[in-house]
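**Q** Dropping the sequence and predicted coords here.
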Amino acid sequence: MTSTSSPARASLHESPFIADARSGARVTSWWLAIILFLALWIVQIGLLAALTIAAPVPAGSVASQFQEAFANLVVIGLVFAWVGLYERRHVRTLGFRQPGRGVLALLLGVVVGLVLISVPILFLLLTGQYEAVAGPAGGTSGFPALPLILALAVTVIVQGGNEEVVTRGFLLQSVGQRFPTWLAVLVPSLLFTVVHGVGGHPVAFATIFLYAIFATFVTLWQRSLWLICGIHAGWNFGMGNVYGIPVSGLDPHSTSLLFLAPSDSSAPLLTGGDFGTEGGLPAAFTMLAAAAVAFVCWRRSAREHRQGGPRVSPEPTRAQ
């Protein structure tokens with residue numbers, strides 16, 4: 001990458017985040033990374049199905065959130081094992097350098113994610129599209145539920161972290177070795193959207209795809225996964241455990257600070273209907289604006305990197 005090339009057109013090969021994938025003994029080929037990405041999603045779905053059969057729990061319950069977190073931890077462990085044993089590099093190079101600062105970035109990301117999802121939700125509430133409801137039978141809400149809700153935030157961080165490790169970590173680093181920037185951004189984002197099963201919801205497809213674009217540029221800008229893991233968690237936590245709205249079309253969580261639902265006179269194109277806020281235009285426009293901001297931040301960072309040269313980290317890079 002030369003100092004005169006546009007970061008949007010050139011390769012990501014020399015991006016510090018992408019370059020970290022070359023710190024081990026070998027790099028996973030782009031085509032194998034895509035196969036592994038799909039395989040990991042299948043493993044997660046299969047594991048969740050097995051857990052449901054072995055220990056049936058109500059959908060959206062506290063127990064189901066912990067079951068999902070366990071399945072997500074298994075997938076994260078598989079990615080770490082592949083990177084450490086096959087690629088022979090330190091798992092920190094997946095996007096987890098500087099863990100001290102990283103935890104602060106993670107917590108900041110949770111706040112950012114909550115703010116982002118609150119923008120469309122509060123707009124819909126103030127315009128009468130959403131209204132407060134009683135919630136599911138046996139559900140828990142209000143301030144008495146706050147300690148449990150905060151505990152559930154950990155499960156959401158694990159869930160969001162899993163998707164970021166697999167997509168914006170492993171897959172993006174692998175395809176970024178060979179693909180031009182636009183394709184390295186597009187392919188993981190499209191795959192991320194497809195595996196969420198939103199083909200029958202065009203607005204939801206657009207929202208999740210725009211989120212994936214946004215997440216990619218945040219990752220490249222920050223050169224780590226800490227912030228985007230927090231944002232992803234805050235976004236889902238806000239929908240599921242703060243506002244009691246379905247997350248990506250799944251059953252509403254039974255424990256939430258409050259429960260909102262579309263009013264009788266609401267427009268599904270705005271509220272997202274049964275799919276949740278992500279299926280509505282306000283959420284899509286929110287993510288469009290967020291993606292634009294993230295792109296500008298990354299482009300400025302990429303320009304500074306080209307002018308100043310690559311930065312060398314003193315941290316260990318090989319698996320130990």
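**A** Noted; the coordinates are in hand. Numbering: from 1, shown residues only.
**Q** Every contact and neighbour count from this point should use C-alpha atoms.
**A** Will do.
**Q** following the helix or strand harbouring Leu36, which helix or strand shows up next?
**A** For Leu36, the host element (DSSP states H and E) is helix 30-54. Downstream of helix 30-54, the first helix or strand assigned by DSSP H and E is helix 62-81.
**Q** buried stuff in the helix holding Leu36?
**A** 30, 33-34, 36-37, 40-41, 43-44, 47-48, 51-52 (16 or more other Cα atoms under 10 Å).
**Q** Relative to Ser29, how far out is the nearest residue to Pro180 once chain neighbours are set aside?
**A** Distance criterion Cα to Cα, 6 or more residues apart in numbering; nearest residue to Pro180, sequence neighbours excluded, is Ser11 at 4.3 Å. Distance of Ser11 to Ser29, given as Cα to Cα, to the nearest Å: 16 Å.
**Q** need the buried residues of helix 30-54 in TSV with distance to Phe143 and pLDDT, can you?
**A** Putting the buried residues of helix 30-54 into TSV (distance: Cα to Cα, whole Å; pLDDT from 0 to 100) gives the following:
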residue	distance to Phe143	pLDDT
Trp30	48	97
Ala33	44	98
Ile34	44	98
Leu36	42	98
Phe37	39	98
Leu40	37	98
Trp41	35	97
Val43	37	97
Gln44	33	97
Leu47	33	97
Leu48	30	95
Leu51	31	95
Thr52	30	92
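**Q** residue contacts, Ile208?
**A** Shown in contact with Ile208 (Cα atoms under 8 Å, 6 or more residues apart in numbering): Thr193, Glu278.
**Q** how about 7 Å then?
**A** Thr193 (Cα atoms under 7 Å, 6 or more residues apart in numbering).
**Q** Show me what counts as buried in the helix or strand bottoming out on mean pLDDT in the chain.
**A** Least confident helix or strand, the chain: helix 281-308 with a mean of 93, by mean pLDDT, DSSP states H and E. Of the residues in helix 281-308, 281-284, 286-288, 290-291, 294-295, 297-299, 301-303, 305-306 count as buried by neighbour count, 16+ other Cα under 10 Å.
**Q** do the same with stretch 169-178
**A** So stretch 169-178, judged by 16+ other Cα under 10 Å, has buried residues Gly169, Phe170, Leu171, Leu172, Gln173, Ser174, Val175, Gly176, Gln177.
**Q** Next: stretch 153-165.
**A** 153-165.
**Q** Pick the one among the buried residues of stretch 169-178 closest to Ala81.
**A** Nearest to Ala81 among the buried residues of stretch 169-178: Phe170, at 11.7 Å, using Cα to Cα.
**Q** tally of neighbours for the closest residue to the closest one other than its chain neighbours?
**A** Nearest non-adjacent residue to Phe170, counting by Cα to Cα, 6+ apart: Leu94, 6.5 Å away. For Leu94, the tally of surrounding residues (other Cα atoms under 10 Å) stands at 27.
**Q** right, and Leu94 touches Gly169 too?
**A** Yes: if you go by Cα atoms under 7 Å, Leu94 and Gly169 touch, sitting 5.4 Å apart.
**Q** Strands along the stretch 151-300 of the chain, start to end?
**A** Counting by DSSP state E, counting those that start in this stretch, one finds strands in the stretch 151-300 of the chain at the ranges 260-262.
**Q** Spatially central residue for this protein, please.
**A** Geometric centre of the chain, nearest residue: His232, 4.2 Å, by Cα atoms, centre = their mean.
**Q** any idea how far that residue lies from Phe214?
**A** For His232, the distance to Phe214 equals 11 Å [Cα to Cα].
**Q** ditto for Leu220
**A** 10 Å.
**Q** ok now the helix or strand harbouring Val115, how far from the chain's centre?
**A** Counting by DSSP H and E, the element that carries Val115 is helix 99-126. How far helix 99-126 lies from its chain's middle: 12 Å, per Cα atoms, centre = their mean, to the nearest Å.
**Q** Next, the buried residues of whatever helix or strand comes next after it.
**A** Later in the chain than helix 99-126, the nearest helix or strand by DSSP H and E is strand 130-132. Going by neighbour count (16+ other Cα under 10 Å), the buried part of strand 130-132 is Tyr130, Glu131.
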